[in-house]
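Q: after the sequence you'll find the predicted model.
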Amino acid sequence: MKTFDIFTTDALSALVPEFLLLCGILVLILIPNLGKGTFRIPLTQIRIPWLLGGQRFALTSHPRIPGILATLILGVAFVFSLLSQAGDADVVALKSKGGLNLLLVDGFSRLFEILFFGAILAASIASLDRLPVGKGSDSETLYNNRRQVDFYILLLTTALGMSLVALAQDLFILFIGLELASLSIYVLVAFHKETKAGTEAGVKYFIVGSVCSGVGLYGLSLVYLWAGSLQFDVLTVAWDNGASTLAILGMGMILVGFGFKVSAVPFHFAAPDAYAGASSPVSAILATASKAMGMLGLIRLLVVIAIPDNTDGSALWLVTLGVLSAITMTWGNLAALGTDNPKRMLAYSSVAHAGYMLAALTAIGAWKWGHVNAPSDLAGAILGAVLFHLVVLVAFKMGAFFVLAVLEMEGGASHLSNLAGLGKREPLLAAAMFIFMLSLAGVPPLAGFLSKFLVVAGIVKMAIGDLSVTVAQGEIIGLMDLHWIWWFALLIFINSAISLFYYLRIGVVMFFEIPEKERQKPLPRAPFLRLVIWSCLVGTILFGIGGDALIRLCFNAVENLSL
């Protein structure tokens, strides 16, 4: 592992994607404002051109320029992160002059950067069609054209904040990255609204998110009072030596903030409104990248910091996490059965998927606390399965939202009836949407099935533990001989069966119902939207039947963590 000071050229070479995003934000601020502006030297009549303000240049003021630039910048950052992960890149630790660990560039952080940049890149490409660009001279058209740059600046800021969360080795830096991304997302939710309810959804999401962030920040201060530091390595050692009531309370309050990000019950109630009110590309970011950011925070806290090697006080944490997981996955699927809004349905689906991943973390906790005697590499396999699920979720969950984005361009996608007859109007688009739904339900041989299978198989193996030797010898064991985390595998299976009802319901509406009268014409061409839809479809199928390379990548990333 190489160690550099944070303010050196070596640090710059390790943080190329982040500096690309930062430079991209500055470029997007400057380019649309380039013009024939001049600056007059005081007390003289001499004017010096400084190319800012005044009459804008026609080339740089075109409303499509910000979207194209942002997409290119995100694409370069994504490719760089992908190449550095695929190669044999060095682990780089960036420290302050006082020797504090600030950022760590390793396989684990790079994998999450690939996820974040890939998801936001897809949303940026989709938004090239989704955001209206008019040719008129009326005030509303000009206003929408000028807002293009604001939208893409927010996208780049979101990506920068998420990458900071991935690299952070200090809770305070992690919190800064979380808030940088969150504040941008709050604005994006209410930026381009599908309905008038979008403003209400944006305000509600902002208020609930701000309260959860405030609770988390207060918990951060309690943890600092207890340990005297917010460094991950210091907190890990302090927690292993025994956590006080102050530490447990502070850590619990921090988890509230991440619980909101992953839409875990009971912190989920603003998510359905936000998903339904925002434009579909933004909703896709909420369901994938934002959720992965919250899950990354939970992994850092529960797996790296807060799960001790001893058993003191472990029962409370384990049972709490297990109950939260069971309620989250069950409530998410049951609530989805009762809605007719496809985007709210996908929001509740995201709640359920958060429950599946929390169940995996519960299984890791059972092993870490000594409740289960199992090989140490099994915990890494379960965490690798969670990472694989987060990555492939980008393909089929974003793909579903992008199909809805095409319908939004026609007039809206806030009711299941808007999907009626899609199989006749756009057979390929309807088939893609149906495949995305099957993958979300966990139907083989799609990526969603493989990721769920890996999670469930890992939980079952963890529950069996040392009893696997007994089974291999031909002896029969009963369910009561297994650790109670085995029931999470069964609960995931039952909830996946429940989810089939509302996922297949979308297929029935698309292929067997008559389209609405005002939806008889062909759908908009939207070439960029369709490009990302087909890309998501290819990923959903390929990662299901040939995801070995990605699985190895996820498992190798887990090796950078000290489990």
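A: That came through fine.

Q: rest of the way, CA atoms for contacts and neighbours
A: Will do.

Q: any stretches of the stretch 451-563 of the chain with poor pLDDT?
A: Within the stretch 451-563 of the chain, the ranges that satisfy pLDDT under 70 run 465-483, 563.

Q: now the helices for it?
A: Applying DSSP state H, counting those that start in this stretch to the stretch 451-563 of the chain gives helices spanning 467-472, 486-512, 527-545, 548-558.

Q: you'd agree residue 219 is up against residue 253?
A: Yes. Using CA atoms under 8 Å, residue 219 is in contact with residue 253, at 4.8 Å.

Q: convert the C-alpha atoms of stretch 522-538 to PDB, please.
A: Provided in PDB are the C-alpha atoms of stretch 522-538 (Å, rounded to 0.1, in the frame of the first residue of the first chain):
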ATOM      1  CA  PRO A 522     -46.300   6.100 -31.700                       C
ATOM      2  CA  LEU A 523     -44.100   6.900 -28.800                       C
ATOM      3  CA  PRO A 524     -41.400   9.600 -29.100                       C
ATOM      4  CA  ARG A 525     -38.200   8.400 -30.800                       C
ATOM      5  CA  ALA A 526     -35.900   9.400 -27.800                       C
ATOM      6  CA  PRO A 527     -32.800   7.800 -29.200                       C
ATOM      7  CA  PHE A 528     -30.600   8.400 -26.100                       C
ATOM      8  CA  LEU A 529     -33.300   7.000 -23.800                       C
ATOM      9  CA  ARG A 530     -33.700   4.000 -26.000                       C
ATOM     10  CA  LEU A 531     -29.900   3.500 -26.100                       C
ATOM     11  CA  VAL A 532     -29.600   3.300 -22.300                       C
ATOM     12  CA  ILE A 533     -32.700   1.000 -22.200                       C
ATOM     13  CA  TRP A 534     -31.100  -1.500 -24.600                       C
ATOM     14  CA  SER A 535     -27.800  -1.200 -22.700                       C
ATOM     15  CA  CYS A 536     -29.600  -2.000 -19.400                       C
ATOM     16  CA  LEU A 537     -31.400  -4.900 -21.100                       C
ATOM     17  CA  VAL A 538     -28.100  -6.400 -22.300                       C
END
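
Q: and it, what's buried?
A: Buried residues in stretch 522-538, counted by 16 or more other CA atoms under 10 Å: 526, 528-530, 532-534, 536-537.

Q: returning to that earlier point: what touches both of residue 219 and residue 253?
A: Shared contacts of residue 219 and residue 253, defined by CA atoms under 8 Å, 6 or more residues apart in numbering, are absent.

Q: leaving out the residues flanking it, which one is nearest to the most centrally placed residue in the chain?
A: Centroid check for the chain by CA atoms, centre = their mean gives residue 289 as the closest residue, at 2.0 Å. In space, and not counting its chain neighbours, residue 289 is closest to residue 116: 5.3 Å by CA to CA, 6 or more residues apart in numbering.

Q: which helices and strands sit right next to the strand or helix carrying residue 251?
A: In this structure, residue 251 sits in helix 245-261 according to DSSP states H and E. Applying 3 or more CA pairs under 8 Å, 6 or more residues apart in numbering; DSSP states H and E, one finds that helix 245-261 makes contact with helix 197-227, helix 291-298.

Q: quick one: the very next helix or strand once past it to chain centroid distance?
A: Later in the chain than helix 245-261, the nearest helix or strand by DSSP H and E is helix 271-277. Averaged C-alpha coordinates place helix 271-277 at 15 Å from its chain's average position (CA atoms, centre = their mean, to the nearest Å).

Q: please apply the same query to stretch 487-506.
A: 22 Å.

Q: please report how far residue 249 lies from residue 224.
A: For residue 249, the distance to residue 224 equals 12 Å [CA to CA, to the nearest Å].

Q: just residue 5 next, same as before
A: Distance from residue 5 to residue 224, by CA to CA: 24 Å.

Q: ditto for residue 334
A: With the distance defined as CA to CA, residue 334 ends up 40 Å from residue 224.

Q: mind naming the longest helix for the chain?
A: The residue-count maximum for a helix in the chain (DSSP state H) belongs to helix 376-410.

Q: avg pLDDT for the next helix or strand along the chain from that one?
A: Using DSSP H and E, the helix or strand that follows helix 376-410 towards the C-terminus is helix 422-425. Here helix 422-425 scores 88 as its mean pLDDT.

Q: and helix 422-425, what's buried?
A: Going by neighbour count (16+ other CA under 10 Å), the buried part of helix 422-425 is 422-425.

Q: neighbours of the nearest residue to residue 414 once chain neighbours are set aside, just the number please.
A: By the measure of CA to CA, 6+ apart, the closest residue to residue 414 outside its immediate chain neighbours is residue 341, 5.1 Å from it. Around residue 341 there are 18 other residues, counting by other CA atoms under 10 Å.
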